[in-house]
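Chemist: Generate a structure from the sequence data that follows.
(chains A and B)
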There are 2 protein chains.
Amino acid sequence: MPETFGDRLAARIEATSPLCVGLDPSATLLAAWGLDDEPAGLEAMGEAVIAAVASHAAALKPQVAFFERHGAAGLAALERLLAAASAAGLLVVADAKRGDIDSTMAAYGDAWLRDSSPLRADALTVTAYLGLGAMAAVFEQARAGGRGIFCVVASSNPEGRRLQEATTSAGTSVEAALLAELAAGNAAERAQGARLGSLGAVVGATRSAEGLDLASLGGPYLVPGVGAQGAGPEDVGRLFAGVAASSVLVNASRSILAAGPSEPALGEAAAALGEQLATALR
Amino acid sequence: MPETFGDRLAARIEATSPLCVGLDPSATLLAAWGLDDEPAGLEAMGEAVIAAVASHAAALKPQVAFFERHGAAGLAALERLLAAASAAGLLVVADAKRGDIDSTMAAYGDAWLRDSSPLRADALTVTAYLGLGAMAAVFEQARAGGRGIFCVVASSNPEGRRLQEATTSAGTSVEAALLAELAAGNAAERAQGARLGSLGAVVGATRSAEGLDLASLGGPYLVPGVGAQGAGPEDVGRLFAGVAASSVLVNASRSILAAGPSEPALGEAAAALGEQLATALR
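Modeler: Modelled structure (predicted):
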């Protein structure tokens, strides 16, 4: 068994900080940086962010939608940035929120988690409206390559609550049922000695732990919602009080990228937030 | 108000058939056709399918995952096929099952539903684990351009049932709640005279209508599950008995593509299934 993604991430968090920098090159942000809303502009922003944050953040999370918006040329820019981020030592989480079944989902796994793919990342975000059970192949692919999955369990936005809190026939909420399925999927790797398995959960910093046994996952967490979305480091600390600090990866995007395009300012913003998060999670 | 996607689709179904041909260029299928599992192979398959089925099918539904699997070069092939399918008269449904929130979801709308995008299609499939309410911008973009959305409501695979059948705090199932939200989103266009609005629902042919008021949508249906997945035209006829025939678009992929690479054989397979579906839905 290769080192699991969860353990690779924990080691990186311990060596740097719990910070994941979200690379969200929206038209608004590109304009604020004085860059064109074209693939070259996205690439320039990505290169600056990677150079500035590589020693302060555990991971980079490019939001795939902003690259896809520019079609094949946008994806080509993303391919180059994924490679650059890896070369700089950052773990890369492709925030694509893919979600489909069987051979289709396996094709997404080939796209984002296969060694030979130009879009390879260390982890991929997924959503499971069609059921986690239909994603077995991509989970196996992740495990085999030491790569990971982050499945959205409890999102940071309010509009998802009705669905995520709905009650399944087993009497638990949809989000609790997904968390339990992910935990079950981590069990074999943990039985073989991994601290954390390959399957992670996305839980918004704006959520409460009520009804969610966060300590049970045995895998990493990806936590959006800090900064522009309203939560602070102390909210993250409270939410994950019973969870190992090195399993919590906290995303911030606008609150870091607003410091650009100055690389020193970006680096300072990342270092400061990384330290605050590490303190809050200690 | 431009002609709605629902009305454009209904007119096309009436002029051709309820058939949507799923373009799923998997490695297995490419090998069976004697094509390389490379972007050029996917493009060659797509070109043959478009030429063969354009006068027999209402729409083409490329499965984006199989193109994304080849990175930017795969997306470039898809860009050319989307344009070719439109030029041949087919409506194009990009089966991407994207699902995110706010500005991120709007970026996916820019990618797939904007006139100037190289990936523009007539409709995009989405999933709503994060809530339909967070997709308002992309729905508005679809309406403004006469383009459409198909949101997965009741998927054809069994693994999704637990989530889709979970009970919301309002006492209805997740799938019924989504259907009602989509229907509400179609109301304004219908009040202005459209037969069908821009927001469609994906309902598997393998499902039953129990608990789902299918006649209430006021928008089109995209129906997977026919052929290789086990359902037949008669199942579709039963499921949509109370729904206008021209609002039901039925996808088949493997059962058509297995006839290739011979274009006449592909055309015959599409014509035969299209006729069976039209009869079953009459």
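
Chemist: quick one, what contacts A:Pro236?
Modeler: Wrong residue type there; residue A:236 is Val, not Pro. Shown in contact with A:Val236 (C-beta atoms under 8 Å, 6 or more residues apart in numbering or on different chains): A:205, A:223, A:226, A:248, A:250, A:277, A:280-281. Yep, even glycine has a C-beta here, placed from its N, CA and C like the rest.

Chemist: Among those, name the ones in strands.
Modeler: In this view, these that belong to strands under DSSP state E are A:223, A:248, A:250.

Chemist: a markdown table for these, including neighbour count, distance to A:Pro62 and pLDDT?
Modeler: Converted to a markdown table, the ones in strands among the contacts of A:Val236 look like this (neighbours: other C-beta atoms under 10 Å in any protein chain shown; distance: C-beta to C-beta, whole Å; pLDDT from 0 to 100):
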| residue | neighbour count | distance to A:Pro62 | pLDDT |
| --- | --- | --- | --- |
| A:Val223 | 28 | 17 | 98 |
| A:Val248 | 25 | 20 | 98 |
| A:Val250 | 31 | 17 | 98 |
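
Chemist: which residues touch A:Phe5?
Modeler: Applying C-beta under 8 Å, 6+ apart, the residues near A:Phe5 are A:122-123, A:142, A:146-148, A:198, A:200, A:220.

Chemist: rerun at 10 Å
Modeler: A:91, A:93, A:113, A:122-123, A:142-143, A:145-150, A:189, A:194, A:196-200, A:219-220 (C-beta atoms under 10 Å, 6 or more residues apart in numbering or on different chains).

Chemist: Of the residues you listed, which belong to helices?
Modeler: Under the assignment DSSP state H, the contacts of A:Phe5 contribute A:113, A:142-143, A:189 to helices.

Chemist: possible to save those residues as JSON lines with neighbour count, pLDDT and distance to chain B?
Modeler: Below are the ones in helices among the contacts of A:Phe5 laid out as JSON lines (neighbours: other C-beta atoms under 10 Å in any protein chain shown; pLDDT from 0 to 100; distance: C-beta to the nearest C-beta, whole Å):
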{"residue": "A:Leu113", "neighbour count": "28", "pLDDT": "98", "distance to chain B": "11"}
{"residue": "A:Ala142", "neighbour count": "26", "pLDDT": "98", "distance to chain B": "15"}
{"residue": "A:Arg143", "neighbour count": "24", "pLDDT": "98", "distance to chain B": "19"}
{"residue": "A:Glu189", "neighbour count": "24", "pLDDT": "98", "distance to chain B": "22"}
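
Chemist: What segments of chain A are helices?
Modeler: Under DSSP H, chain A gives helices at A:5-15, A:27-32, A:39-53, A:64-68, A:71-87, A:102-113, A:136-144, A:161-164, A:174-191, A:233-239, A:254-257, A:263-281.

Chemist: among those helices, which is the most enclosed?
Modeler: helix A:64-68 (a mean of 27; mean count of other C-beta atoms under 10 Å in any protein chain shown).

Chemist: Convert it to CSV, retaining C-alpha atoms only.
Modeler: Presented in CSV, the C-alpha positions along helix A:64-68 are these (Å, rounded to 0.1, in the frame of the first residue of the first chain):
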residue,chain,number,x,y,z
VAL,A,64,-11.7,24.2,-12.1
ALA,A,65,-14.8,26.2,-13.1
PHE,A,66,-12.8,29.4,-13.7
PHE,A,67,-10.5,27.5,-16.1
GLU,A,68,-13.3,25.5,-17.8
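
Chemist: Now find how far off-centre it is within its chain.
Modeler: Computed by C-alpha atoms, centre = their mean, to the nearest Å, the chain-centroid distance of helix A:64-68 equals 15 Å.

Chemist: just checking, what packs against it?
Modeler: On a contact count with 3 or more C-beta pairs under 10 Å, 6 or more residues apart in numbering or on different chains; DSSP states H and E, helix A:64-68 meets strand A:19-23, helix A:27-32, helix A:39-53, helix A:71-87, strand A:91-98, helix B:64-68, strand B:91-98, helix B:102-113.

Chemist: got those as TSV, with distance to B:Thr127 columns?
Modeler: Formatted as TSV, these follow (distance: least, C-beta to C-beta, whole Å):
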stretch	distance to B:Thr127
strand A:19-23	21
helix A:27-32	25
helix A:39-53	25
helix A:71-87	21
strand A:91-98	8
helix B:64-68	13
strand B:91-98	5
helix B:102-113	11
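
Chemist: and of these, who's closest to B:Gly41?
Modeler: Nearest of the helices and strands packed on helix A:64-68 to B:Gly41, taken as C-beta to C-beta: helix B:64-68 at 10.6 Å.

Chemist: Let me see the mean pLDDT of the closest one.
Modeler: Average pLDDT, helix B:64-68: 98.

Chemist: do the same with stretch A:4-24
Modeler: Per-residue scores along stretch A:4-24 average to 98.

Chemist: How about stretch A:175-185?
Modeler: 98.

Chemist: mind checking how far that stretch is from the chain centre?
Modeler: 17 Å.
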